[in-house]
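Trainee: 3D, please:
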Amino acid sequence: MENLIQLSLKGNKRACAKLITLVENYPEEAEKVLKEIHQHTGKAHVIGITGPPGAGKSTLTDKLTKGLVDQGYKVGIIAIDPTSPYSGGSILGDRIRMQDLALNPNVFIRSMGTRGYLGGLSKYTKNALKVLDAAGYDYIIIETVGVGQSEVDIVKTADTILMIMVPGLGDDIQSIKAGIMEIGDIFVINKSDLFGADRTATEVNMMLDLSMNMDRRPPVIKVIASKNEGIDNLIAEIKSHIDYLKESGRLIERRTKNLKLEVVELIESELRKIVITHTDSENRLDKEVINILNKEKNMYEVRDEFLRTIDRR
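Mentor: The predicted structure is shown next:
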């Protein structure tokens, strides 16, 4: 494993692929890897690409990556695909749209299934992200699952979030809904050669006009990803947002907040393991649930008793 880590730190793509497989499937080994590479992380700028199904996220990711590579950057791509709730499998079809990028020495593509994890990402997206960050990729693009209005986990991971929209997805009420519309740093109207593109851009701008406490107004730009139109403008806007984050101190602020959430999640995970291990050994949880059902206790009393037991340990 040590050899894999050293090779990945030098940018070896095969080593990166093997390490990502490791941190995705073997939690104990993942912890050792992530501890080892921690000092080498934090240099990449993470771009989140989100939006509804059919918005052209994969095509946009493909063209955006090519534009960045043409400018001399190394780009890592983590493409998230939905996992079947029945078979547990995933098609990982996003890679199909990026086949011509796969052999580029400055591009790394990894497809990941959600494995039932909600929020538009995979449970182990952050682990894969750290491997690519340590490997020296300048930009890491995370393409989420086609998300709904409340699946906004990308905001806990990315530095710059591109909200992809297309004409004709709904009425103007859709453009002012909370949740997914509140996380965009750059709004991208893709397929802008379709009828209604101008109206969609106008509706998004109206929504932004209603937003309060906004020290930076997100730009709304129109692109036609399939024809590679507007991509240079998009890259310019991304770089402008990076400059804003650094100059305003928001980059450190955003990453600090996200790291705090990640640490809390790790603590919660360990506490859950302790509780489950303790209760399973004595079948205590089953007994307490019966007590709650029979109204002999309430849930909060049971919670407090478990916490006191864990504290004594």
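
Trainee: Name the residues that touch stretch 299-306?
Mentor: By CB atoms under 8 Å, 6 or more residues apart in numbering, the surrounding residues in contact with stretch 299-306 are 275, 278-279, 288, 291-292. For glycine as for every other residue, the C-beta is placed from the backbone atoms N, C-alpha and C.

Trainee: go with 7 Å
Mentor: 275, 288, 292 (CB atoms under 7 Å, 6 or more residues apart in numbering).

Trainee: In contact with the second one, which residues?
Mentor: Yep, that's E288 we're talking about. If a contact means CB under 7 Å, 6+ apart, then E288 has 297, 302 as its contacts.

Trainee: quick one: it from G56, how far?
Mentor: Applying CB to CB, to the nearest Å, the value for E288 to G56 is 51 Å.

Trainee: C-terminal to the helix or strand hosting I238, which secondary structure element comes first?
Mentor: Element membership for I238 (DSSP states H and E) is helix 231-248. Using DSSP H and E, the next helix or strand after helix 231-248 towards the C-terminus is helix 250-282.

Trainee: Could you check the angle the helix or strand just after that following helix makes with helix 250-282?
Mentor: Per DSSP H and E, the first helix or strand lying C-terminal to helix 250-282 is helix 284-293. Interaxial angle of helix 284-293 relative to helix 250-282 (axes from the mean of the first three to the mean of the last three CA atoms, to 10 degrees): 90 degrees.

Trainee: any idea how far helix 284-293 is from the chain center?
Mentor: Taking CA atoms, centre = their mean, to the nearest Å, the mean C-alpha location of helix 284-293 is offset from the chain mean by 38 Å.

Trainee: again with stretch 218-231
Mentor: Computed by CA atoms, centre = their mean, the separation of stretch 218-231 from the middle of its chain amounts to 21 Å.

Trainee: List the residue ranges of the stretch 1-150 of the chain that fall below the pLDDT cut-off.
Mentor: For the stretch 1-150 of the chain, the stretches with pLDDT under 70 are 82-97, 114-123, 146-150.

Trainee: what do you get if the cut-off is 90, keeping everything else the same?
Mentor: Applying pLDDT under 90 to the stretch 1-150 of the chain flags the ranges 1-3, 23-31, 50-56, 58, 79-104, 110-126, 143-150.

Trainee: for it, what spans make up the helices?
Mentor: Listed in chain order, the helices of the stretch 1-150 of the chain (DSSP state H, counting those that start in this stretch) span 2-9, 13-25, 27-37, 57-70, 125-134.

Trainee: ok, back up a step: could you give the average pLDDT over the helix holding I238?
Mentor: Taken as a whole, helix 231-248 carries a mean pLDDT of 96.

Trainee: Kindly report the same for stretch 259-273.
Mentor: 87.

Trainee: so the spatially most central residue of the chain, which of the three states?
Mentor: Geometric centre of the chain, nearest residue: I154, 3.7 Å, by CA atoms, centre = their mean. What DSSP: H, G, I helix; E, B strand; the rest coil gives for I154 is helix.

Trainee: so the residue lying closest to it once chain neighbours are set aside bridges to which residues?
Mentor: Once flanking residues are discounted, I154 sits nearest to G48: 3.9 Å by CB to CB, 6 or more residues apart in numbering. Beta bridges link G48 to I142, I161, judged by DSSP bridges.

Trainee: hang on, G48 packs against D153?
Mentor: No - using CB atoms under 7 Å, G48 is not in contact with D153; the gap is 9.4 Å.

Trainee: neighbour count winner among these two?
Mentor: More crowded of G48 and D153, by other CB atoms under 10 Å: G48, with 27 against 20.

Trainee: picking that back up, what's the most buried one of the helices of the stretch 1-150 of the chain?
Mentor: helix 125-134 (a mean of 24; mean count of other CB atoms under 10 Å).

Trainee: For it, name the packing helices and strands.
Mentor: For helix 125-134, the packing partners by 3 or more CB pairs under 7 Å, 6 or more residues apart in numbering; DSSP states H and E come out as helix 2-9, helix 13-25, helix 27-37, strand 75-81, strand 107-113, strand 139-143.

Trainee: between that helix and helix 250-282, what angle do the directions make?
Mentor: Our comparison of helix 125-134 with helix 250-282, counting by the same axes, to 10 degrees, yields an angle of 130 degrees.

Trainee: CA atoms of helix 125-134 as CSV?
Mentor: Extracted in CSV, the C-alpha atoms of helix 125-134 (Å, rounded to 0.1, in the frame of the first residue of the first chain):
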residue,chain,number,x,y,z
THR,A,125,-16.9,10.8,-3.0
LYS,A,126,-14.8,12.8,-0.5
ASN,A,127,-12.3,9.9,-0.1
ALA,A,128,-11.8,9.7,-3.9
LEU,A,129,-11.6,13.5,-4.0
LYS,A,130,-8.7,13.5,-1.5
VAL,A,131,-6.8,10.9,-3.5
LEU,A,132,-7.0,13.0,-6.7
ASP,A,133,-6.2,16.2,-4.8
ALA,A,134,-3.0,14.7,-3.3
